[in-house]
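In: Got a predicted structure plus its sequence, pasted below:
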Amino acid sequence: MKIYAHRGSSGTHPENTRAAFKHAANLPIFGVEFDVHLTKDGELVVIHDEKINRTSNGKGYIKDFTLAELKTYDFGSWFSHKFKEEKIPSLSEVLNVYLTTEHHINIELKTDVIQYEGIVQKLVQLLHSFELQSRVVISSFNHDTLREVKKLAPHIETATLSMKEFADPFAYVQAIPADALHVSLKTALRPSTEKVIRQGYPVRVFTVNKTKPIERLQEIGVSAIFTDYPDKMYKYLNHRKITRKFLQLFDH
Ligand code: G3P
Ligand code: MG
């Protein structure tokens, strides 16, 4: 089972900042996940909420600031004074961190509350210029956004994000169409999820910060988990793998 650092290494660093991404980039994990919005001057920026209130010393909507204005705020101190120099990163800045690594990159387009005009075109163009189209999966809670991605760039992997269970997830992802499902932990444990995994769809689960559900998730066959604590989860999964191999030696 693969590990994605959720919003970078967001349990130990301020989420969606360069510090969180640099830390994740140095880990032997499979990938990284982060969230993207659009500024007033049409720049793609990496932040989770529509507003900067929770994770900075400023107030207001991303859509009402230019990138230069956003860069004047402190996006680290809310987490710890050690990170007071952290700024909001542009998407290009984050992609640059991963250009020299092999991490898979999950870009979540936050178009479920505000429908940012032109965000899909800008993203596809940027991925093209970075030559990263084959190393990303684009996800969104807004499934029309995923349709737009597929229309513009059919070769880029997409994933439906959902908090709730679909009656027939297999039919649903085929109808969008999307290539994978990103589901909450609760949904992952439902029988419909096992069914869609058996049909061959990759299922990735958010956000898994405790080790308790890991065994069941591995039994079901989920492809990956998103976690705020990638260091801890890597150690846990690696230890499990070694122990299982060791026990197999005595199985015969
Ligand atoms: O992409 C998985 C997860 O990030 C979705 O929820 O709210 O953390 O962006 P959220
Ligand atoms: Mg996200």
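Out: Cool, got the structure. Numbers count the residues shown, from 1 in each chain. Ligands and ions are numbered 1, 2, ... in the order given.

In: okay, CA-based contacts and neighbour counts for the rest of this
Out: Noted.

In: which residues of this structure fall in strands?
Out: 2-6, 31-38, 44-46, 104-109, 136-140, 157-162, 180-184, 203-206, 224-227 (DSSP state E).

In: May I ask you to name the longest helix in the chain?
Out: Counting by DSSP state H, the longest helix found in the chain is helix 230-249.

In: Now do that one: distance to the chain's middle.
Out: On the basis of CA atoms, centre = their mean, to the nearest Å, helix 230-249 is displaced by 24 Å from the centre of the chain it belongs to.

In: Give the buried residues for it.
Out: 230-231, 233-234, 237 (16 or more other CA atoms under 10 Å).

In: got a list of what the spatially most central residue of the chain touches?
Out: Nearest to the mean C-alpha position of the chain, counting by CA atoms, centre = their mean, stands residue 33 at 2.4 Å. Taking CA atoms under 8 Å, 6 or more residues apart in numbering as the criterion, residue 33 is in contact with 4-8, 105-108, 226.

In: go with 7 Å
Out: 4-8, 105-107 (CA atoms under 7 Å, 6 or more residues apart in numbering).

In: Bridged to it, which residues?
Out: residue 6, residue 106 (DSSP bridges).

In: Which one of the strands of the chain lies nearest to residue 76?
Out: Closest approach to residue 76 among the strands of the chain (CA to CA): strand 44-46, 13.8 Å.

In: Buried residues in the closest one, which are they?
Out: Buried-residue list, strand 44-46, by 16+ other CA under 10 Å: 44-46.
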